[in-house]
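A.B. asks: Here is the input, now give the coordinates:
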Amino acid sequence: MNEFLRMTPDKIIVHHSLTADGQEVSWGAIRRYHVHTLGWDAIGYHAGVELARDDYEALMGRPWDVIGAHAQGQNLHSLGICFVGNFDITPPPEAQLEVGVSVIKLWMRLFNIPSSEIYPHSHFSQKTCPGLMFDMDHLRELIACHT
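C.D. replies: Have a look, this model is predicted:
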């Protein structure tokens, strides 16, 4: 299967890495796991948000018009953003959410995706992703404030 088929996204799916954010486990480690361990052509997400030294940064994943590998059954028409961290244990930091909101808002504008089409990964799977402590309502409030 060619994972690099072109697509037009109509929804955004929010994930967490389920790992600690640090030098041991980072966006690069996730990319290596997806490519070298799972055998994919690229990282499965379209973007990530992680701590880089003292600040949170948005990181590029797959090109935005390329099918992702982040939510089984939903990849053909969705963008996946991964907040690096384990949010089953603690909530994501506000600064990390703010950076993620900037990515999500950009995607909403570029692809005309309404806020009603932003979902937690758990909406489509039996996982807790983006985490038991990840407040999707708060994320939606932040998105609404940044209109």
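A.B. asks: contacts, neighbours, all on C-alpha from now
C.D. replies: OK.
A.B. asks: for the helix or strand harbouring residue 51, what is the average pLDDT?
C.D. replies: Applying DSSP states H and E as the criterion places residue 51 in strand 47-52. Computed over strand 47-52, the mean pLDDT rounds to 93.
A.B. asks: same deal with stretch 86-98?
C.D. replies: Mean predicted lDDT for stretch 86-98 stands at 96.
A.B. asks: What is the end-to-end distance of it?
C.D. replies: Length of stretch 86-98, first residue to last, CA to CA, to the nearest Å: 17 Å.
A.B. asks: so how far is it off the chain centroid?
C.D. replies: 13 Å (CA atoms, centre = their mean, to the nearest Å).
A.B. asks: and residue 95, what does it touch?
C.D. replies: Residues near residue 95 by CA atoms under 8 Å, 6 or more residues apart in numbering: residue 56.
A.B. asks: Same check on residue 62?
C.D. replies: Here residue 62 is in contact with 42, 43, 44, 45, 46, 47, 68 (CA under 8 Å, 6+ apart).
A.B. asks: mind checking how far it is from residue 105?
C.D. replies: 18 Å.
A.B. asks: ditto for residue 86
C.D. replies: 23 Å.
A.B. asks: any low-confidence regions in the protein?
C.D. replies: Across the chain, residues meeting the criterion (pLDDT under 70) sit at 1-5, 21-25, 146-147.
A.B. asks: Could you state which residue of it sits nearest its centroid?
C.D. replies: The C-alpha lying nearest the average C-alpha coordinate of the chain belongs to residue 81 (CA atoms, centre = their mean; 1.4 Å).
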